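Peer 1: here is a sequence together with a model predicted from it:
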Amino acid sequence: MRLKADLALLFVSIIWGSAFVAQRVAGQMGSVYLFNGARYLLAAVIVWPFVMRVRRVETQTYEIPRDQYQWMAVAGFVLFLGSAFQQLGLVYTTAGNAGFITSLYVVLVPIVLFLIWREKAHWISIIAVLLAGTGAFFLSTAGRFEVRVGDIIEFGGALFWTFHVIVLGKYASKFEPMSFSMGQLVICGVLNLGIGIFVERSMPWNLSLLGAIVYTAFFSLGLCYTLQVWAQRHTPPADAALILSLESVFAVICGWFLLDETLAPIQIFGCALIFVAVLLSQFKEWNRQGKMDSTHLVEGR
């Protein structure tokens with residue numbers, strides 16, 4: 001069962017990495033908010049049957065607590081900001097760059113917790129931040145002092161993913177996860193759709209864009225979320241987070257294979273530094289016997 005769970009998580013990381021390609025395709029068409037609105041709302045529809053199943057299993061009179069609505073709104077709003085920045089960045093940068101820069105949220109979480117919540121950062125986290133920052137510089141600039149706009153936007157998205165992780169970890173863990181997930185997906189989708197109606201007015205409807213919406217909604221958000229929930233019942237949290245961090249690697253591989261994106265040697269070195277930083281940020285968790293709940297670290301993509 002453990003092997004099946006690990007393979008399932010590996011499959012999830014592959015799908016999430018390939019989803020950057022689908023999002024890049026939509027970004028090249030200039031679609032940001034309407035694309036996000038469509039895929040997140042469709043994902044909410046996909047999760048809905050699982051919510052109803054939980055309701056039938058647990059109790060016939062299942063009701064969502066008032067506090068849950070409050071934190072679903074907060075999580076959905078932060079998720080909206082993270083997804084908007086991520087998709088906007090993909091208009092100007094590659095799928096591979098977006099994947100690796102997004103993965104920085106794993107490193108940024110302990111830093112933000114220290115700066116705002118005064119939670120002491122592990123010394124490994126400090127080293128990881130230095131490595132990640134150096135790697136992001138090489139990846140974005142190829143060694144030249146010229147940072148691409150898309151990479152800056154993606155880094156802004158990584159910051160909002162960081163706050164999303166913290167909100168889920170600190171305030172959402174006491175609520176039923178399936179209904180909470182669907183709630184934040186709805187809020188994120190509605191906000192994206194509302195902004196898109198005024199900013200973009202319409203989407204360039206074609207098979208490529210429809211395929212990107214369906215792929216990311218069904219596989220990246222719907223199927224992978226369900227698989228993740230099942231797999232992490234049989235895999236230690238730290239191991240799960242390590243496997244899921246391979247998402248950034250698969251983003252580069254899929255971008256190269258499907259979109260002919262290439263990286264200079266120094267950019268590959270930057271990717272390696274970021275990946276090492278992500279691994280280091282997870283290394284300390286082995287000494288904590290799985291206290292970190294990695295479900296919250298990846299929920300809501």
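Peer 2: It's in. None of these values were measured; they are calculated from a predicted model.

Peer 1: residues contacting Gly270?
Peer 2: Each residue near Gly270 by Cβ atoms under 8 Å, 6 or more residues apart in numbering is listed here: 100, 134-140. Placement of C-beta: from N, CA and C, glycine included.

Peer 1: so what's it closest to, chain neighbours aside?
Peer 2: Among residues not flanking Gly270 along the chain, Phe138 sits closest, at 3.0 Å (Cβ to Cβ, 6 or more residues apart in numbering).

Peer 1: what about the one you found, helix or strand, and which?
Peer 2: Assigned by DSSP states H and E, Phe138 belongs to helix 123-141.

Peer 1: now the next helix or strand after that helix: buried residues?
Peer 2: Per DSSP H and E, helix 123-141 leads on to helix 149-167 as the next helix or strand towards the C-terminus. Using 16 or more other Cβ atoms under 10 Å as the test for burial, helix 149-167 gives 150-167.

Peer 1: could you do stretch 9-18 as well?
Peer 2: So, applying 16+ other Cβ under 10 Å, buried residues of stretch 9-18: 9, 11-18.

Peer 1: how about stretch 133-150?
Peer 2: 135-141, 148, 150.

Peer 1: that older thread, pull up the gap between the residue nearest to Gly270 and Ile266, please.
Peer 2: Counting by Cβ to Cβ, to the nearest Å, the separation of Phe138 from Ile266 is 5 Å.

Peer 1: before we move on, what about Met52?
Peer 2: Counting by Cβ to Cβ, the gap between Met52 and Ile266 amounts to 51 Å.

Peer 1: so which of the contacts of Gly270 is the closest to Ala231?
Peer 2: Using Cβ to Cβ, Phe100 comes nearest to Ala231 of these, at 23.5 Å.

Peer 1: residue ranges in the chain under the pLDDT threshold?
Peer 2: For the chain, the stretches with pLDDT under 70 are 58-62, 145-146, 173, 229, 232-233, 236-242, 282, 284-301.
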